[in-house]
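# Build the 3D model from these lines:
(chains A and B)
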Number of protein chains: 2
Amino acid sequence: MGKEITSRSEDYSQWYIDLVKKADLAENSDVRGCMVIKPYGYSIWESMQQGLDKMFKATGHVNAYFPLFIPKSFLAKEASHVEGFAKECAIVTHYRLKNAEDGSGIIVDPDAKLEEELIVRPTSETVIWNSYKKWIQSYRDLPLLINQWANVVRWEMRTRLFLRTAEFLWQEGHTAHATAQEAEKETLLMLDTYADFAENYMAMPVVKGRKSEGEKFPGAVDTYCIEALMQDGKALQAGTSHFLGQNFAKAFDVQFTGKDGKLDYVWGTSWGASTRLIGGLIMAHSDDDGLIIPPKLAPIHVVIVPIFKSEEELARITEKVDVIASQLRKKGFSVKFDNRDTHKPGFKFAEYELKGVPVRLAIGPRDLENGTIEMARRDTKEKKVVSSDQVVDLIPPLLDEIQANIYQKALKFRESKTTKVDTYVDFKKILEEKGGFILAHWDGSKETEAAIKDETKATIRCIPLDAPEEDGKCIYSGKPSKRRVLFARAY
Amino acid sequence: MGKEITSRSEDYSQWYIDLVKKADLAENSDVRGCMVIKPYGYSIWESMQQGLDKMFKATGHVNAYFPLFIPKSFLAKEASHVEGFAKECAIVTHYRLKNAEDGSGIIVDPDAKLEEELIVRPTSETVIWNSYKKWIQSYRDLPLLINQWANVVRWEMRTRLFLRTAEFLWQEGHTAHATAQEAEKETLLMLDTYADFAENYMAMPVVKGRKSEGEKFPGAVDTYCIEALMQDGKALQAGTSHFLGQNFAKAFDVQFTGKDGKLDYVWGTSWGASTRLIGGLIMAHSDDDGLIIPPKLAPIHVVIVPIFKSEEELARITEKVDVIASQLRKKGFSVKFDNRDTHKPGFKFAEYELKGVPVRLAIGPRDLENGTIEMARRDTKEKKVVSSDQVVDLIPPLLDEIQANIYQKALKFRESKTTKVDTYVDFKKILEEKGGFILAHWDGSKETEAAIKDETKATIRCIPLDAPEEDGKCIYSGKPSKRRVLFARAY
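Have a look, this model is predicted:
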């Protein structure tokens, strides 16, 4: 292969970057902070999009598209939103270039200055609620259940492929409702949808919870999130769902006439998940040999590698493989037959391990004689020789088993890395020595949250929705607490 | 309905705008030059994306994603490209906002000025060839067959929904090849793909041709296009495919080692189609009552309207409709049952005519007794009463018939509006009195092309690929010409 990957134990960060680059998922572009998502990486995003889009539509949502640019004045309308979002962003100030008079090249035409600057959307609440104002007059116009697939830009100084880039791809749902109750229900429905996707497609167990005041979305009343644990013991926020209350409705004056004839502000939600999920997928499952992609998101389910020495052998193998591949494709699986004669089988084996293809079949002349084929699974690396007539029937249950096994492995890892602590000394010790999720009591104050973050770099990932009520004392201040919250260092 | 549409004969432009707005396809946003694509309009785009994406993948292409921003210096690398593209565009000059010191709001932070301005991509040749430089070393890396679905921005002063907006959605294919011949073949393959899509999905006949020097893409050696005729006799360019020669390879120094060990520049193509297609779809087929959407792109294939006076009647109708709808859905059709009790059947009929749903079924208590259902088609407005037990079998052939009929109608219209002329007097007369496509001889010079455009607003849409060789004289200069070219006024 010539594609050596740094091992996780040696340098986890470098392992991640090696994987992203060597598996041809993405690379840094020469455009500051922006990434290029390469075809193999993009095909994973396409699988994710299809899965999520189907779930959104099954829950009554439709897609639409709103402008890339947000006038500066829109951002200023919701006070806490502008504080949190309007700062580090790409600002369009001019609309024309011209040839420099000294012939030195092209320059920005100073005469083409915009009256009002435009912000490249960091998120679209403002521009969307500005439209909703025109779309909503009566309770009959509600609920409005809209999603958008789009690119957004946040001017990040330190970037890391998929996890943090200036431009990224995402979906953002923006819904409007007649009652607070309905909007809260929607917020939690979409949280459940993200959790369902993370666990059942990505095979990545998540904790559902509510963000603390300090960590919530600027402009939201409540932010809910799903938090996953990566193999280095750090947390990754994998999706957020916000109950916006009437904040954006008030900022953009979106009122409706209720069934009772009374005028009231509309209740809102927004929710998003991004290409960051690809980073989570990689870090949750992959190993030192490459990616491990759960079958439900794998761009290629099965790769077939022929073992041959002559064209005649390849021809005979191809005849058999064509039958197997076509039967698998009929069942809806994506199959690749790698019949290149420029690379040896060992090279190909390593390549598809690197790319995380769930199942590899290998077949040679002796297999043809014996009616056999070698079937290898990527997750456990187990290989066995099976009947080539039965292999088509063996693959669907094997893929299900792989999907389940990847999830179970991640779940067991998370369980082994989730620790309850009752003192700040233990908290710091666990954080340093073991990492992972820490369940601890917190007094609920911003000050304590900030102090712990300053001293340990650990943040409150969420207040888990299933956290039982339990009397305790804050590990930092000793003040009383009613339930444990989830701490971790995070991406 | 209360949704009066201006008739085509009264004011074609207003008819178009009325349709787009009243059928809830799109609207102008408060962001200068940008549109909001509303859910119904976006669902047509989703159908188009699915159709095109399938075709691209069937011809060996894969999707990827490249940065939104293009450093100014990239644009300057290909001389004719920068002339044609770099002028009217959105320019990012700063990356941070801050609170004004006088408390008056947020302002652009003058300290956060970019060293090099970033252009919001008007098209991505430059940023993509900058990546290709890193991806291509050897003939083994070729061909590279990549497509991108993205938003682009061109600062248009006069905008019209779907047809011309500052931001629009599109796909752009960018391929790299080892030989000129292969790249030219790709250029024509994608032209054929667009023509196939236009004719077989959009039911819109197109002329395939080559652009004149004056109309070709800045940076291309040759530009091919498909041209469709709208009902007002104006042409619409519906897709372009460019043979780039080695222009971008030279600008970005993309060389490869051939099988013979020699170094050479790579050959390129690019090709794109955009949300403009939605404008073409509307203007090619629709009538004074609303949209006519070909079944292959219709978000809803069949709408079922119950005729009822009581809840009990609705319940009995629903029972029957559920069976029909579920059988149709099993066959892969999108079915809407509009059981609202807030609107009368006549209102619903008008609404689905406006929205261009290909088939409408209506069923009332008497139909239940008689075992009948009313089946109406949108394109011809024909209605007939059919057996409710047979309706599920009647719909697939009816949808095929509608698809074919819409195409045939548009084809006949185009044929009736395509005129051969041999003198400039006739040319101007036909243009004024009849419009449409005009096939005329042209001397091949830029000067003549420009003069005709200045005097008549007609442009050379293309040199049709199937134009027979024929001796003639240029209608303007009288100089000799070898074949007729296609003139029209255009969108």
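# now the strands for the stretch 251-400 of chain A?
In the stretch 251-400 of chain A, the segments counted as strands under DSSP state E, counting those that start in this stretch are A:255-257, A:263-265, A:267-274, A:302-306, A:335-337, A:359-363, A:372-377, A:383-387.
# Show the contacting residues for the closest residue to chain B within the stretch 151-300 of chain A.
Proximity of the stretch 151-300 of chain A to chain B (Cβ to the nearest Cβ) peaks at residue A:155, 4.5 Å away. Every C-beta, even on glycine, is put in place using the N, C-alpha and C of the backbone. Taking Cβ atoms under 8 Å, 6 or more residues apart in numbering or on different chains, we find residue A:155 in contact with A:33, A:88-90, A:166, B:95-96.
# what residues does the stretch 251-400 of chain A put near chain B?
Applying Cβ under 8 Å from any Cβ of the partner chain, we find that the stretch 251-400 of chain A lies next to chain B at residue A:342.
# Count residues in the vicinity of residue A:386, would you?
17 (other Cβ atoms under 10 Å in any protein chain shown).
# What of the one 10 residues further on?
Residues within reach of residue A:396, counting by other Cβ under 10 Å, total 15.
# What does the pLDDT read for residue A:157?
You'll see residue A:157 listed with a pLDDT of 80.
# Tell me the secondary structure at it.
coil (DSSP: H, G, I helix; E, B strand; the rest coil).
# next one: phi and psi at it?
Main-chain dihedrals, residue A:157, degrees, to the nearest 10: phi -80, psi -40.
# Give me the below-cutoff pLDDT ranges for the stretch 1-150 of chain A.
Confidence mapping of the stretch 1-150 of chain A against pLDDT under 70 gives the ranges A:1-3, A:85-86.
# Can you show me the helices along it?
Here the stretch 1-150 of chain A has its helices, by DSSP state H, counting those that start in this stretch, at A:12-22, A:39-58, A:72-75, A:79-85, A:125-135.
# what separates stretch A:69-88 from the chain centre, distance-wise?
25 Å (Cα atoms, centre = their mean, to the nearest Å).
# For that stretch, give me every contacting residue.
Outside stretch A:69-88, the residues that reach it (Cβ under 8 Å, 6+ apart) are A:91-92, A:116-127, A:130, A:154-157, A:217-219, A:247-248, A:251-252, B:30-31, B:34, B:90, B:95-98, B:105-106, B:108, B:167.
# ok, now with 6 Å
For stretch A:69-88, the surrounding residues in contact (Cβ atoms under 6 Å, 6 or more residues apart in numbering or on different chains) are A:116-119, A:121-122, A:126-127, A:155, A:218-219, A:247-248, A:251, B:31, B:96-97, B:105-106.
# would you turn the strands of the stretch 251-400 of chain A into a markdown table with distance to residue B:475 and mean pLDDT?
Converted to a markdown table, those look like this (distance: least, Cβ to Cβ, whole Å; pLDDT from 0 to 100):
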| stretch | distance to residue B:475 | mean pLDDT |
| --- | --- | --- |
| strand A:255-257 | 61 | 98 |
| strand A:263-265 | 64 | 98 |
| strand A:267-274 | 57 | 98 |
| strand A:302-306 | 61 | 98 |
| strand A:335-337 | 56 | 98 |
| strand A:359-363 | 66 | 98 |
| strand A:372-377 | 69 | 98 |
| strand A:383-387 | 74 | 98 |
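# how many neighbours does the residue nearest to residue A:407 when sequence neighbours are not counted have?
Nearest residue to residue A:407, sequence neighbours excluded (Cβ to Cβ, 6 or more residues apart in numbering or on different chains): residue A:203, at 4.0 Å. By other Cβ under 10 Å, the residues close to residue A:203 number 27.
# which helix is the longest one in chain A?
When chain A is parsed with DSSP state H, its longest helix is helix A:391-416.
# what about that one, distance to the chain center?
20 Å.
# Pull out the buried positions in that helix.
For helix A:391-416, the neighbour count (16 or more other Cβ atoms under 10 Å in any protein chain shown) marks A:391-392, A:395, A:398-399, A:402-403, A:405-407, A:409-410, A:413-414 as buried.
# got the residues you listed as TSV, with pLDDT columns?
Shown next, in TSV, are the buried residues of helix A:391-416 (pLDDT from 0 to 100):
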residue	pLDDT
A:391	98
A:392	98
A:395	98
A:398	98
A:399	98
A:402	98
A:403	98
A:405	98
A:406	98
A:407	98
A:409	98
A:410	98
A:413	98
A:414	98
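# which one among the residues you listed gets closest to residue B:25?
Using Cβ to Cβ, residue A:403 comes nearest to residue B:25 of the buried residues of helix A:391-416, at 40.1 Å.
# I'd say the closest one and residue A:292 touch.
No: assessed by Cβ atoms under 6 Å, residue A:403 is found out of contact with residue A:292, at 11.1 Å.
# rewinding a little: helices or strands up against the longest helix of chain A?
helix A:311-330 (3 or more Cβ pairs under 6 Å, 6 or more residues apart in numbering or on different chains; DSSP states H and E).
# For the closest residue to residue A:296 other than its chain neighbours, give me its contacts.
Once flanking residues are discounted, residue A:296 sits nearest to residue A:201: 4.7 Å by Cβ to Cβ, 6+ apart. Taking Cβ under 6 Å, 6+ apart as the criterion, residue A:201 is in contact with A:51, A:296-297.
# Just confirm residue A:419 is within a strand.
Yes: checked against three-state DSSP, residue A:419 lies within a strand.
# Could you report the neighbour count for it?
18.
# now it, which residues is it bridged with?
residue A:438 (DSSP bridges).
# Give me the pLDDT for the residue most central in space within chain A.
Nearest to the mean C-alpha position of chain A, by Cα atoms, centre = their mean, lies residue A:277 at 1.6 Å. Residue A:277 is assigned a predicted lDDT (pLDDT) of 98.
# and it, what is it in contact with?
residue A:48.
# cool, and residue A:121?
Listed by Cβ under 6 Å, 6+ apart, the contact set of residue A:121 reads A:68, A:70, A:152.
# how does it look with 7 Å?
By Cβ atoms under 7 Å, 6 or more residues apart in numbering or on different chains, the contact set of residue A:121 is A:68, A:70, A:127, A:152.
# same check, this time on residue A:209
A:224-225, A:227, A:462-465, A:486.
# I'd like to know which of these are buried.
Buried among the contacts of residue A:209 (16+ other Cβ under 10 Å): A:224-225, A:227, A:462-464, A:486.
# can you dump the C-alpha coordinates of stretch A:309-320 into CSV?
In CSV, the C-alpha atoms belonging to stretch A:309-320 read as follows (Å, rounded to 0.1, in the frame of the first residue of the first chain):
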residue,chain,number,x,y,z
LYS,A,309,-2.4,-15.8,-12.5
SER,A,310,-3.6,-15.7,-16.1
GLU,A,311,-6.2,-14.1,-18.1
GLU,A,312,-7.9,-17.4,-18.6
GLU,A,313,-8.2,-17.9,-14.8
LEU,A,314,-9.6,-14.4,-14.5
ALA,A,315,-12.1,-15.1,-17.2
ARG,A,316,-13.3,-18.3,-15.4
ILE,A,317,-13.5,-16.4,-12.0
THR,A,318,-15.3,-13.5,-13.6
GLU,A,319,-18.0,-15.8,-14.9
LYS,A,320,-18.7,-17.0,-11.4
